[in-house]
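Undergrad: Sequence and predicted structure, then a few things I'm wondering about:
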Amino acid sequence: MCVEHKIMCVCGNGSASLNFRDEIMPVEVVDRLYCPICSAGVSYEPKSMIKDNDWIIEYDMEIAHFMKQKLPGAEITPDFLFDEGYCTWRGIYPNEHVDTLRERKELLDLAKIDKKKYLEEFKSWGIKRMERLSREGWRKTIEK
């Protein structure tokens, strides 16, 4: 089970929806969130931060290590927390679910008019969307 939490960035201009896999990590594991605007002046520290397309999640690694008891054998790093879904975007990028709903609604309108074209467009939309997100460099689109 994943529970979504919306967190505001440091400067207040952005927010991100985050998922916490199996509720193992509490929301407090996020010390700070930086959007592309407020991340510009941040000194990146890989021991406590993850950077994804100019967004930065700064983790409270003390809390993360305390919760390690629920993940025996795991090396608790920012990469692990993000990539394994213990504290990560809801989707591929911050607030993707909002954009996706809007785009799918536009496609659903087409389904009412031409179902065959809708199926073609839906398939094409998914492929093109993932190609675009990969070109943009979102971390979750990069094969590890």
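TA: Arrived safely. Numbering: from 1, shown residues only.
Undergrad: Can you tell me the centre-most residue of this structure?
TA: Residue closest to the average C-alpha location in the chain (C-alpha atoms, centre = their mean): W89, at 1.8 Å.
Undergrad: quick one: secondary structure of I56?
TA: The three-state label given to I56 by DSSP: H, G, I helix; E, B strand; the rest coil is strand.
Undergrad: Same question for D31.
TA: Here D31 is recorded as strand under three-state DSSP.
Undergrad: Now the element after the helix or strand of the chain with the lowest mean pLDDT, going C-ward?
TA: Lowest on mean pLDDT, DSSP states H and E among the helices and strands of the chain sits strand 2-8, with a mean of 80. Downstream of strand 2-8, the first helix or strand assigned by DSSP states H and E is strand 15-21.
Undergrad: Looking at that next one now, give me its mean pLDDT.
TA: The average pLDDT for strand 15-21 rounds to 94.
Undergrad: Can you tell me the strand partners of it and which way each runs?
TA: Here strand 15-21 is paired, per DSSP bridges, with strand 2-8 (antiparallel), strand 88-89 (antiparallel).
Undergrad: distance between the shortest one and the chain's centre?
TA: Relative to its parent chain, strand 88-89 has a centroid offset of 3 Å by C-alpha atoms, centre = their mean, to the nearest Å.
Undergrad: could you point out which element follows that strand?
TA: Next along the chain after strand 88-89, taking DSSP H and E as the criterion, comes helix 96-111.
Undergrad: buried set for the longest helix along the chain?
TA: In the chain, assigned by DSSP state H, the helix with the most residues is helix 115-136. Buried positions in helix 115-136, judged by neighbour count with 16 or more other C-beta atoms under 10 Å: 118, 133. Placement of C-beta: from N, CA and C, glycine included.
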